[in-house]
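Q: Quick check, what structure comes out for this input:
(2 chains)
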Amino acid sequence: MTQGVAGELQRLRTSARERIEAATDQKALEGLRVSLLGKKGELTTILRQLGGLPASDRAAAGAEANQLKDEIFQWIADRMGGLEAKRHTALGETEWLDLTFVPNPVRRGHLHPLTLILREVKAIFSRLGYEVALGPQMEDEFHNFEALNIPQDHPARDTMDSFYVEADDLLLRTHTSPVQIRFMQSHTPPIRIIAPGAVYRRDATDPSHGSQFYQVEGLVVDHDIRLSDLKGTIEYFARSLFGPERRIRIVGDHFPFTEPSIGAAVSCGICGGIGCRSCKGGWLEILGAGMVHPQVLRNGGIDPERYSGFAFGAGLDRLAMLKYNVTDLRLFLENDVRFLRQF
Amino acid sequence: MLISLNWLKEYVDITADVPALAERLTLAGNEVERIAQQEVDFDGVVVAEVKSLRPLPGSTKNQIAGVTTGGSMVEVVTGAWNIAVGNRVPYAIPGSRLGERRIETKTFLGVPSAGMLCSAIELGLGEDAASIMILDPGAILGEDLHALYPRDTILELEIKSNRPDLLCHLGIAREVGAIFNLPVHEPTIPKGRRSDVPDLVRIDAPDGCRRFVGCLITGITVAPSPPWMQARLRAAGVRPISNIVDITNYVMLESGQPMHAFDYQRLKGGRIVVRRARDGEELACLDGKTRRLTTQDMVVADTVRAQGLAGIIGGAESAVQVATTDIFLEAATWEPRSIRRTARMHGLRTEASSRFEKGLSPALSLPAVERAAALVAELARGRTTQSTDVYPVPLTPVTIELDGDRIERVLGVAVELADAAIILERLRFTVKRAGARLQVQPPPFRLDCSIPEDLVEEIGRVHGYDRVPSTLPGARMPVRDLFERRDADETAREVLAGRELDEAVTSSLVSAEGTPSVAMPSAAQPMVKVKNPMAENRDALRRSLLPGLLEALALNARQDQGAARLFELGSVFWKSAANAVEEPQALALAAHIPAGGADAAVAELRSLQATLATIRDRFAIPATDFKQAEFSSENPGVFAGFHPGRTGEVLDDGEPIGIVGEVHPQLLAQLGLPGRAVVAEVLFDRFSADGGRTPQARPLPRFPGVRRDLTVLIRGKIAAGDVLQVIRQQGGYTLRDISMVSEYQGPQLEAGARSLSFRLHYQADDRTLTNEEVATVQQRIIDGLKARFGAEVRS
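A: Numbers count the residues shown, from 1 in each chain, chains lettered A, B, ... in the order given. Down below sits the predicted model:
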C-alpha cells in the first residue's frame, strides 16, 4: 500500500508538473489549482488514503504529500509569473492604441468675452479691497446728468445722446457714473467701489461704436485721496490686466464731474510703444479719470472739505477688444457661436 | 482744430522739435491727433523781377516777359496778362520742379522760354490759376521762394469742450508758452475809432445775446486777400474767398472769436436788429440753402428781415460781393444753449457755431472787431465811420484763492508756489502772492475757472502728470458685503458652461412690433417703449431674454452652426405700476435641434430641466419642481410661442418663477429656424434665492439603508410630479430619497400608457430597517398610487 501511495504521489508529481508547464493562460492555471489542490482535487484524494496506512508509514507519506503540495503551489505561482511577464512583454503588440488624435473632445460651454474681461477687472480690484456696486440701467436725469455737473444744454450732452423711455423722466444711462452718486448717497466714506454694466448712447453702429456698450466705473472717497493715488491705481490696474511690461501715460483731459481730469493710455502691445496701425503713436487709450469734482461730492452728500476722491471709467468692450484682439465691437452682441467659442 | 506751425511761430519762439511739441501739448490735454506736412511741393523757384514785356509774335494769347533774378536778363513766355514791369514774381528756372512736373526751356512759336512764371495754384499757394502770383515788392531777387513761403507743418489738435479759447492760434501759443516757459507775443491791436452809435444795433432778445460789437466801414475795395493770409487760412483748413471774408476768418483763427461781415448797403433801414426769428420766417443762407426758422432761433436782421442765423451762418442777401463798398462787421457773444439748439435743429454745424455753443467769453468780441477793422483798413482801404458795443451785463472778474498746500493735497506732488505762479501767468492768469497762498484772476477770455481745483488742474497738466508719483491709497475700509449676487452669477455661469451652453449677450433694445411675445409668464406685460429710437427695430426694451436668444439661434443656423446652445444672464425691463421701470435679472437658456425630430427635442428639453436643477443644487436649494403649463383659451397670451404639450412652469416653493418648454412650430417658422428648439427662462433672483444657500452638513447614517425599485404604469396625462407627491406622502419619514430611473412610452405598452420607474431609498436613524417594515411602506405606496391614479404598480 505504501508503495501504492508513494507511487501515486510520484505519478501526480510528474503529471502535475507537465500540466502546469503546458498551461498557456491564467485561467487554465486557476483550473489546475482546483483540480490538483482543491477539496476534491487529486492530491486531496491521495491524502485521504493516508488514514488507511500503518502509523509508521503515515508520517513519511504525509510529509511527502505536503511537500508535493508546496511544490505544486510554487510551480503554479512560477508559471503564473512567467505567463504575466510574457504578456507584459507582448503588450506593445497585443494592445497597441493610436493616441495621436482626440476622437471626441469633451465640449465645454464658453463664457462671453465681456464676462471674462469683467472677471479679470473684478479680480484686480478685489485685491485692492474694492466692492462691486450696481445701479439701474434705467436712470433719471438727476443721477445721469445733473448730479454730475452736466446740466441741460451742456456740450457734454452732445457726446452722450440718450434714449428716453415713455416712463416720466427716465432714460437709459449713458455711462456708469450715476452709480457714483447713488453709492455716495447711500454710504459714508471710506468708499472704494467698481460699478460695471451696460450703457446706451444714440451712436451710429460701426466697428468701434454701438448704441449699447459696457463700462466699468471706479470710485474712491476717503480722507486725503490724491491724484497720485489715482495714477498708482491706474498703473496697477492696467499692468495687471495687460502685463507688467506695459507703460502708462497720463494726459490732461476734461470731464464735467472731475477736476482735475486726466486720460490714461497704455503702451501698445503690438509695436511696444513705437507707433503702429493698431495704436495712436504707440499708445492705446484705456480710460478717463480724475479727482471727483467738489460739487459732485456735495451732490453725493459728502463734504468736500473733509473728503476727497477719485473716479475713473473704462470701456469694458474696449478693454476686451484690446486684450483679446477683437477688431469689431459688433461681434459682442451678435452671438455667433464661431466667435463665442474662441474664448 | 488745425494749427499752422508757421502761424504759431509768429506768437511764440518755439525751440522744441515738432514731435516734442506735439507730445507736450498732448500731455497737457490738447491731444495732437495728426501731424501733417503741408503740400507746398516745389524746388528751384526763385524771386524774379519783370523788366520788360512784349507780345509773342504770332500769338494773341501769350507775351514775352524779360525777367531778372539779379544778374542777366532771361526771356520767359507767359499766358498771363496781370503782370507789369517792376512786379516781383515767382520764377521757375529751367531744371526746377513743380510737384511732379519738370520745368525746362521750351520753345513757343520759335521763341525759347527759359522756364516759367508761376501762378499761385501751380505752387500750391493759392486758388488763382489765371494770373501770375505777385510777390511782396520787398522780396529779395534770386531768393528761393521757400524762404518766403516756408513749408508748413499742420498740427491737428483735439480741443476739450471746456476750452473754446483754444480753438485758435493765439490760444495754442499761450499753451506752448506756458508748457515751455516762453514769452508769447500777442498781436498789437490799435484801438479803433470809438464813435458809439447806439442806434446802429438794437437787441430785442437779450437772453440770446450777451454782447454785440459792430462797426461800419465804408469805402472798401473787395479783392483777393494777400498770399500770406491765403496761405495761413488754407493751412488752417479754410478756403480763401475775398479779403473781407478772409479777414473775418483770419481773426477767428487767430483769436477764437467768430465774425461776420454784412454788405451794409443791403441792410434795409441801415441798422441791425438782434431778435428771435418769427415762426416760419425764411432765410436764404450762405451755403445756398433756405431754412425755415422758428421762434427758438436767434437771428441778426435788418429792419425788415433776417440777414443771418446768429452765430451759425450768414444770409445770402447781405453777403459781401465784389461790388461791395461798405461793410458792417459783427463780433457778438451768443448764448451757447440757443446756438446749440438751433444748430442741432437745422443740422448745421459751422466753425462759428461749434465755438459759440461751448461758451465763448464776451471779452473776445471787442478786440476782434478792432483787429479786423485794422486789417480791413490795411488790406481793403476802408475807413471806420461808426461803431457800437452793446454789452448790458459785463463780465465780473472772479478771484480764486489758492492755498499752496492744496496743490500737493490734490495732486500728490509738491509744486513750488513760485513755479505755480509762473505757470498761471504764462496762461495769462493774474496772480498775486499773499503769503502761502495765491490770489488768482482767470484771464478774461476764459470762463472755465472758478474753484481752486480748476487752478490745480492748470498747474498739474502744465507741470506734467508724468511728474506725479504713483501711489496706492491706504485706507481703513469698513466691512461690507456686496459680493453675494456676483457669486450667484458666476456659479450659474460655471454650471451652464459645464453643461455645454455658450454664453450670449443680446441687445436690450428690441423691436416693439416685431419681437415675438415668447417670454416667461411674469414678463407678459406691455414693453417699455423708447421715445426717441434710432431705428424702428430698436424702439423698445426687452422684457424677456428669449426672443434675443432665439434670434441668435436663427443667426447661427444661417451660418451653418445648427445645434447651438446658448444662455444669457441679464436685465429685462418691466413697466411697473408707478410709472417706473423694474429691472429684474433673468436667466434664459435656448437650444436648437436642427434634426432628429420629437425624440431629440425631448432629450434636449430634459437636459435643460436637468441643467436648471443642477444650478439650484449648486446653490444648495434642494428642490426644483416643475408644473405642467395649463394652456387655456382664457389666457392665450401667457404661454404664447410655446408648445402646448411640452411646456412647464418652474416653481420655487410652489410659486412659478419661470418657464421651460419647446418652442411652438409656428414661431420657429416665423424665425426661420429649421427643426426644433427648446428654451427656459427664470427670474434669476428668485431662482438663485439671492445668492444661494450655504450647504449644511448632516451626520452620516449609522444604520444601513434599503433600496427598492418601483415601476408605475399610468394612463393619460398624469403628471409624474403628482405621482412623486403621492410616493412622498405615503413613504413617510423612512423614505429618504426618490430618483426617477426611467420613463417609457412605446410599442411595448398599450397606446396612451406610460411607465415610470423610481428607485426608493429607505433609512432610519435609530435602527436597521427590517424587510417587513419596508414592505409595509412599499405596500402603502402601491395602494396609494392605485387609489389615486388607478395605476398598476410593480415593485
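
Q: C-alpha from now on. contacts and neighbour counts both.
A: OK.

Q: for chain A, which helix is longest?
A: Scanning chain A for the helix with the most residues, using DSSP state H, yields helix A:55-94.

Q: Which elements pack onto the very next helix or strand once past that helix?
A: Downstream of helix A:55-94, the next assigned helix or strand under DSSP states H and E is helix A:113-127. Here helix A:113-127 is seen to pack against strand A:191-200, helix A:227-242, helix A:316-324 when contacts are counted using 3 or more Cα pairs under 8 Å, 6 or more residues apart in numbering or on different chains; DSSP states H and E.

Q: Restrict the shortest one to CA atoms and write it as PDB.
A: Output in PDB follows, covering the C-alpha atoms of helix A:316-324 (Å, rounded to 0.1, in the frame of the first residue of the first chain):
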ATOM      1  CA  LEU A 316     -15.200  97.100 -20.900                       C
ATOM      2  CA  ASP A 317     -15.700  96.300 -24.500                       C
ATOM      3  CA  ARG A 318     -12.600  98.300 -25.400                       C
ATOM      4  CA  LEU A 319     -10.600  96.500 -22.700                       C
ATOM      5  CA  ALA A 320     -11.800  93.200 -24.100                       C
ATOM      6  CA  MET A 321     -11.000  94.300 -27.700                       C
ATOM      7  CA  LEU A 322      -7.500  95.200 -26.700                       C
ATOM      8  CA  LYS A 323      -6.900  92.200 -24.500                       C
ATOM      9  CA  TYR A 324      -8.400  89.600 -26.800                       C
END
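
Q: What residues of that helix count as buried?
A: With burial defined by 16 or more other Cα atoms under 10 Å in any protein chain shown, the residues of helix A:316-324 counted as buried are A:Leu316, A:Asp317, A:Arg318, A:Leu319, A:Ala320, A:Met321, A:Leu322.

Q: domain parsing for the chain?
A: All of this is about chain A. For chain A, the structural domains run A:2-94, A:113-340, going by automatic domain parsing.

Q: not quite, I wanted chain B
A: Chain B breaks down into these domains under automatic domain parsing: B:2-38+B:152-180, B:42-148, B:198-390, B:400-464, B:484-687, B:706-794.

Q: mind giving me JSON lines with those domains and columns for mean pLDDT and distance to A:Phe145?
A: Converted to JSON lines, those look like this (pLDDT from 0 to 100; distance: least, Cα to Cα, whole Å):
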{"stretch": "domain B:2-38+B:152-180", "mean pLDDT": "95", "distance to A:Phe145": "16"}
{"stretch": "domain B:42-148", "mean pLDDT": "89", "distance to A:Phe145": "47"}
{"stretch": "domain B:198-390", "mean pLDDT": "94", "distance to A:Phe145": "16"}
{"stretch": "domain B:400-464", "mean pLDDT": "95", "distance to A:Phe145": "18"}
{"stretch": "domain B:484-687", "mean pLDDT": "91", "distance to A:Phe145": "18"}
{"stretch": "domain B:706-794", "mean pLDDT": "91", "distance to A:Phe145": "52"}
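
Q: Could you export those domains to a markdown table, including columns for mean neighbour count and distance to A:Lys122?
A: What follows is the domains of chain B, written out as a markdown table (neighbours: other Cα atoms under 10 Å in any protein chain shown; distance: least, Cα to Cα, whole Å):
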| stretch | mean neighbour count | distance to A:Lys122 |
| --- | --- | --- |
| domain B:2-38+B:152-180 | 20 | 29 |
| domain B:42-148 | 18 | 56 |
| domain B:198-390 | 21 | 37 |
| domain B:400-464 | 19 | 26 |
| domain B:484-687 | 20 | 10 |
| domain B:706-794 | 16 | 40 |
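
Q: Of all those, which one is nearest A:Glu141?
A: A:Glu141 lies closest, by Cα to Cα, to one member of the domains of chain B: domain B:484-687, at 13.7 Å.

Q: which residues sit in contact with the residue in the stretch 51-200 of chain B that chain A sits nearest to?
A: Among the residues of the stretch 51-200 of chain B, B:Lys160 lies nearest to chain A; the distance is 6.2 Å by Cα to the nearest Cα. Neighbour list for B:Lys160: A:Asp253, A:His254, B:Gly29, B:Asn30 [criterion: Cα atoms under 8 Å, 6 or more residues apart in numbering or on different chains].

Q: Quick check: the closest residue in space to the second one that isn't next to it in sequence vs A:Gln215, distance?
A: Here the nearest residue to A:His254 in space, its sequence neighbours aside, is A:Ser261; by Cα to Cα, 6 or more residues apart in numbering or on different chains that works out to 5.2 Å. As defined by Cα to Cα, to the nearest Å, A:Ser261 lies at a distance of 18 Å from A:Gln215.
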